[in-house]
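> Show me the folded form of this:
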Amino acid sequence: MDYKRHILVTGGAGFIGSHLVRLLVNKYPDYLIVNLDKLTYAGNLANLKDVEAATNYRFEFGDICDLERVAHLLEEHCIDGIIHLAAESHVDRSIKDPLAFARTNVMGTLTLLQAAKAYWSSLPSGYEGKRFHHVSTDEVYGSLELGGGFFTEATRYDPHSPYSASKASSDHFVRAFGDTYGLPVVVTNCSNNYGSYQFPEKLIPLFINNIRQGKPLPVYGRGENVRDWLYVEDHARALDVVFHQGANLQTYNIGGFNEWRNIDLIHVLISTVDRLLGNPEGHSLGLITYVTDRAGHDLRYAIDATKIKDELGWEPSLQFEEGIERTVRWYLDNQEWIDQITTGDYQRYYAEMYQL
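Residues are numbered from 1 along each chain as shown. Alright, predicted model coming up:
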């Protein structure tokens, strides 16, 4: 079949990536969607069981830092668009092993940029009709005061953790390739995502699972840190819109207009999980356990998503209460998926399949 577009999604077996791949495969049957993933701990092909047999979907195992592998895939699949999500993304892990974050987030992004530049510039059409969409985070902007302003596309970068520093560096490389070589690039910076298929080291799935099992709920400091939360399917829709309609060399902030203190969010999770499990009201409140605050813990993130709304017409579709209800129900109804993650069975399977 002749496809209208050939899009490479990196990190497509991860949390946000799998939602994006699903959206693209289902929405654009005339597109070829190629998913490149290394299947590290956060990558799981079970996230894409519902589309793995689709005729317009291909999975490719590989490392974004492997220039030869990436270059081969671009040519083999005639890739004309790249949506780059593959990244190490957990702040606590970055504090323990910053070199791994520099390798994947910085050198991996640079490898993709170099491969895209070489392949596209070798074609008769050059960069015409091509796009490199780099997916980043609001954490590159640093921290905001409580009750203060918002991150905009013009906010000065001020990363505070090895994770956010590595993402800031990758953002700079993407823009540098746009400025220096004319590569058709676009960058999106998004707030915290929540929803199904999120690796259970993250706050919301971790706490849902811990509440179900009666385990402690570790809260950093006093739980006063504030985050802007966005339902992952809304983020996938935003990435689709920016990839297709965003202007080259532009940045678009994607946020949920939905700020919550961590401790308040935890109370909502406790109330929702207890209700759905049939527990008495307040049953799990005693699981809250305050622990020493994280090093370099940013106080508040808040995105001003006015630009993407005004210029591209995107805005969140779900109210937080509905999104949390859907999310909690999904994790409670998919215990087998969680068990495979927590036992590591999925990693042992991939290790044998791909000789990791």
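> Tell me where the stretch 251-356 of the chain has helices.
For the stretch 251-356 of the chain, the helices defined by DSSP state H, counting those that start in this stretch occupy 262-277, 306-312, 320-333, 335-343, 345-353.
> any idea of the mean pLDDT in the last one?
So that's helix 345-353. Regarding helix 345-353, the rounded mean pLDDT is 67.
> just the third one next, same as before
Per-residue pLDDT values across helix 320-333 average out to 96.
> buried sites along that helix?
Buried residues in helix 320-333, counted by 16 or more other C-beta atoms under 10 Å: 320, 323-325, 327-328, 330-332. In this view, the C-beta of every residue, glycine as well, is placed from N, C-alpha and C.
> could those be laid out in a markdown table, adding distance to residue 299?
Listed next are the buried residues of helix 320-333 as a markdown table, based on distance: C-beta to C-beta, whole Å:
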| residue | distance to residue 299 |
| --- | --- |
| 320 | 20 |
| 323 | 24 |
| 324 | 23 |
| 325 | 28 |
| 327 | 25 |
| 328 | 27 |
| 330 | 30 |
| 331 | 28 |
| 332 | 32 |
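> between the residues you listed, which is nearest residue 133?
residue 323 (24.1 Å; C-beta to C-beta).
> Pretty sure the closest one sits against residue 193.
No: at 10.3 Å, residue 323 does not count as touching residue 193 under the criterion of C-beta atoms under 8 Å.
> returning to what we had before: which pair in the buried residues of helix 320-333 spans the largest distance?
Set against one another by C-beta to C-beta, the buried residues of helix 320-333 have their most distant pair in 320 and 332, with a gap of 18.3 Å.
> follow-up on the earlier one: shared neighbours of residue 323 and residue 193, anything?
Both residue 323 and residue 193 are contacted by 229, 231, under the criterion C-beta atoms under 8 Å, 6 or more residues apart in numbering.
> and residue 145, how many neighbours?
Around residue 145 there are 9 other residues, counting by other C-beta atoms under 10 Å.
> And it, which helix or strand is it part of?
Applying DSSP states H and E as the criterion places residue 145 outside every helix and strand.
> helices and strands of this structure: which one bottoms out on pLDDT?
Ranked by mean pLDDT, DSSP states H and E, the helix or strand of the chain with the weakest confidence is helix 345-353, at a mean of 67.
> Contact partners for the most far-flung residue of the chain relative to its centre?
Centroid-distance maximum for the chain: residue 280 at 34.8 Å, with C-alpha atoms, centre = their mean. Residue 280 makes contact with residue 274, according to C-beta under 8 Å, 6+ apart.
> And it, what's its pLDDT?
Taking residue 280 on its own, its pLDDT is 96.
> Could you check how far it is from residue 333?
22 Å (C-beta to C-beta, to the nearest Å).
> Please name every helix or strand in contact with the lengthiest helix in the chain.
As assigned by DSSP state H, the longest helix anywhere in the chain is helix 162-181. Helices and strands in packing contact with helix 162-181 are listed as helix 91-96, helix 98-101, helix 108-121, strand 131-137, strand 185-190; criterion 3 or more C-beta pairs under 8 Å, 6 or more residues apart in numbering; DSSP states H and E.
> shaky segments in the protein?
346-347, 349-356 (pLDDT under 70).
> hmm, try it at 80
1, 296, 344-356 (pLDDT under 80).
> Would you mind giving the helices of the stretch 251-356 of the chain as CSV with distance to residue 79 added?
Below are these laid out as CSV (distance: least, C-beta to C-beta, whole Å):
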stretch, distance to residue 79
helix 262-277, 39
helix 306-312, 23
helix 320-333, 32
helix 335-343, 30
helix 345-353, 24
